[in-house]
Structure formats: structure tokens, C-alpha cells
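Engineer: what follows is a predicted structure for the sequence shown.
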Amino acid sequence: MAETELAVGPASEGSVQSPKTKPTPEAKSFPLKFTYSNSEDGIDENLLVLLHGLGDTETPFAGLARRLRLPQTATLSLRAPDRIPFFDEDAFQWYRSFDLSGELLERPDPTPALEILDRVIEHLTVKCSWPINRIHLFGFAQGGSVASELALRLWRKKGSDGGSVLSSIASVVSIDGPLLSYPTFKPPCATPAVYFHRSQQGNSAEVAAFQKGFADMRVLKAPVGGGMPKSKEEWSGVIQFWGRVLASRMPDMEGLHPIISGGPTLPTQSSRTSHRRKASLSGTPYRQLAVGNLSSD
């Protein structure tokens with residue numbers, strides 16, 4: 001299988017270097033169930049926080065995180081706080097998603113989830129020594145919506161009040177997870193963002209909301225059908241984005257330096273559930289995706 005180079009930039013000038021290896025979050029005081037892994041190369045310069053979609057758990061995305069093997073990047077896969085009612089197996093949601101008749105809510109309120117994630121960020125920055133501008137968010141479907149709303153929420157608290165990119169989340173990637181609000185604040189959030197979506201519309205209201213909320217915004221469009229990226233072409237935009245925003249603890253090197261990653265396989269997921277869910281939340285099954293060159297040989 002072919003390999004791919006992920007070019008990672010050096011740490012920002014003027015940033016405060018944190019410990020080379022970060023402590024694991026404390027399970028007893030951490031607000032959510034989680035799976036955490038230090039960086040494979042022993043240098044925890046970035047933290048990728050993964051938020052699963054509706055009806056799933058943190059487990060598949062912990063596997064995804066391990067297979068990504070992003071350089072100098074620890075990973076934290078979170079389980080959503082609320083179990084979906086009347087399901088026999090593990091199926092969680094970031095916020096109340098269904099009405100009493102079992103229909104999806106048209107205007108859900110993510111506030112309770114955002115308040116919990118505020119505490120997650122506080123734990124990571126205070127107890128685990130993570131600078132907020134080294135924390136990257138990756139969310140799928142409902143998890144992508146919450147991740148994006150969290151980035152905007154933190155920017156409104158810090159960035160718009162005289163803050164800078166050093167006091168905001170490092171980046172956010174939302175896979176088919178639209179914003180649940182329409183941002184009206186100024187200046188827009190400085191956090192670099194990607195919105196990967198599948199739509200027949202050229203410039204939908206969902207895209208417009210992201211462009212209104214984020215100053216550094218990239219839209220990745222894919223064919224309708226399926227949820228997570230499933231091919232080299234669909235993954236390449238996300239990987240290139242991470243190559244731009246991930247920091248590197250190698251001050252002796254100028255500019256970009258290449259990190260060679262092997263060829264792990266990644267699961268992909270339908271827009272509303274994993275392969276383990278019941279028919280009422282069923283979708284396309286997991287597919288295997290090689291990320292050495294982002295395609296199977």
C-alpha cells in the first residue's frame with residue numbers, strides 16, 4: 001500500500017510550550033465517558049477530540065483516531081451524555097433529538113451538551129495542561145454540529161472580547177453536521193473550520209451559516225449518499241486541512257516538515273448511526289478505507 005505525506009507546520013511563534021507528554025484525563029472528575037490515547041510518537045503537541053453521531057458511542061471513533069495516526073497528536077473520543085430512550089443497546093445523543101412520538105425534533109437545543117463540553121475543555125486546559133489553541137475538534141453528524149457550536153461559543157466568550165487565535169479552539173471539522181444556530185456576532189470566529197457535506201445544492205443555508213460564523217472556512221462537498229468520507233478524494237481535503245493546522249514541536253526546522261504515515265484502515269459511518277444500530281436508526285454499513293493513500297490498493 002502506498003504511503004502519504006502529511007506536512008505539519010511548526011508551533012506558532014510566541015506560543016507557550018506545554019509538557020511534551022500530557023496526563024490522561026481523570027476519569028472520576030471528567031464530565032463524560034471517554035477513550036484517550038497519547039500520540040504514538042511520544043509528543044503530545046496537539047489533541048484531537050472526536051464527537052460521534054446520533055445513536056453511537058465513543059468506541060468506533062476511538063478506533064478511527066488510532067488509525068489516523070496523526071503526528072504529534074493525542075486523541076480523545078467522547079461519549080455523548082444522554083442515552084436514547086427505549087433502545088436496548090448502547091445508543092447515545094448529544095442533546096434531546098426525538099419528540100414523544102419518536103420523530104426527530106426540527107429545532108433541537110444543544111445548550112446542555114455545550115455546557116458539559118465547557119467543563120470538558122476546562123478539565124483539559126487546567127488539569128491536563130492542554131493550551132486551548134492546541135485542541136482540535138472533529139465531529140460527525142450530530143457530533144459535528146455540537147463541535148462547531150462549541151467553537152463558536154468559546155470564541156464568543158474569549159475571542160470577541162479582545163482575544164485572539166491563541167485563546168480559541170485550534171480547529172474544527174464537521175462531517176455532515178450543520179450549525180444549529182445562525183451566527184450574527186462580529187468579528188467571526190478565528191478558528192479554522194471545515195464543513196464536509198453531501199448536498200445537491202450549490203450554496204445551501206447550512207453552508208451560509210458556517211461562512212457567516214467562521215472567518216477561515218473551507219467547504220468540502222461530496223456526492224449525496226453515505227455519511228463519513230469513503231474514498232481518497234473525499235478524505236484528502238480533511239487531511240490537507242490538518243496538515244495546515246496541526247502544530248509541530250520541532251523548532252529547529254524551518255517551514256513544513258513531512259511526517260510519513262502508514263496505511264491504516266478507517267471505518268466510515270452513515271449519517272445517523274453505526275452498523276450496530278437497530279433498523280429504526282439504520283444506515284449504510286461500515287466500509288473499509290485505507291488512509292495510507294486514502295484508497296484501497
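Structural biologist: Right, received. Where do you want to start?
Engineer: switch to C-alpha atoms for all contacts and neighbour counts from now on
Structural biologist: Noted.
Engineer: got phi/psi on the residue nearest to residue 217 when sequence neighbours are not counted?
Structural biologist: If the residues on either side of it in the chain are set aside, residue 217 comes closest to residue 193, at 5.0 Å by CA to CA, 6 or more residues apart in numbering. Phi and psi for residue 193, reported as degrees, to the nearest 10, are phi -140, psi 150.
Engineer: neighbours of residue 193, just the number please.
Structural biologist: For residue 193, the count of nearby residues is 28 (other CA atoms under 10 Å).
Engineer: that one and residue 169 touch, don't they?
Structural biologist: No: applying CA atoms under 8 Å as the test, residue 193 and residue 169 come out as separate, 10.1 Å apart.
Engineer: who's sitting farthest from the centroid in the protein?
Structural biologist: residue 101 (30.9 Å; CA atoms, centre = their mean).
Engineer: how far away is it from residue 153?
Structural biologist: From residue 101 across to residue 153, the span is 31 Å (CA to CA, to the nearest Å).
Engineer: what does residue 91 give?
Structural biologist: For residue 91 relative to residue 153 (CA to CA), the value is 26 Å.
Engineer: of those two, who's got more company?
Structural biologist: Remark: of residue 91 and residue 153, residue 91 carries more neighbours, 24 against 17, as counted by other CA under 10 Å.
Engineer: isn't residue 58 right next to residue 35, touching?
Structural biologist: Yes: at 7.1 Å, residue 58 counts as touching residue 35 under the criterion of CA under 8 Å.
Engineer: who touches both of those two?
Structural biologist: 77, 78 (CA atoms under 8 Å, 6 or more residues apart in numbering).
Engineer: wait, what's in contact with the nearest residue to residue 214 once chain neighbours are set aside?
Structural biologist: Leaving aside its chain neighbours, residue 214 sits nearest to residue 189 (4.7 Å; criterion: CA to CA, 6+ apart). Contact analysis of residue 189 by CA under 8 Å, 6+ apart lists 151, 152, 155, 156, 159, 160, 213, 214, 215, 216.
Engineer: pLDDT of the helix or strand hosting the second one, averaged?
Structural biologist: Using DSSP states H and E, the secondary-structure element containing residue 152 is helix 142-157. Helix 142-157 carries an average pLDDT of 96.
Engineer: could you list every helix and strand in contact with the helix or strand following it?
Structural biologist: Once helix 142-157 ends, the next helix or strand along the chain (criterion: DSSP H and E) is strand 171-175. When contacts are defined as 3 or more CA pairs under 8 Å, 6 or more residues apart in numbering; DSSP states H and E, strand 171-175 packs onto strand 135-140, helix 142-157, strand 193-198.
Engineer: compare those and give me the one nearest residue 77.
Structural biologist: strand 135-140 (9.5 Å; CA to CA).
Engineer: adjacent strands (with direction) for the closest one?
Structural biologist: Note on strand 135-140: by DSSP bridges, its sheet partners are strand 46-51 (parallel), strand 171-175 (parallel).
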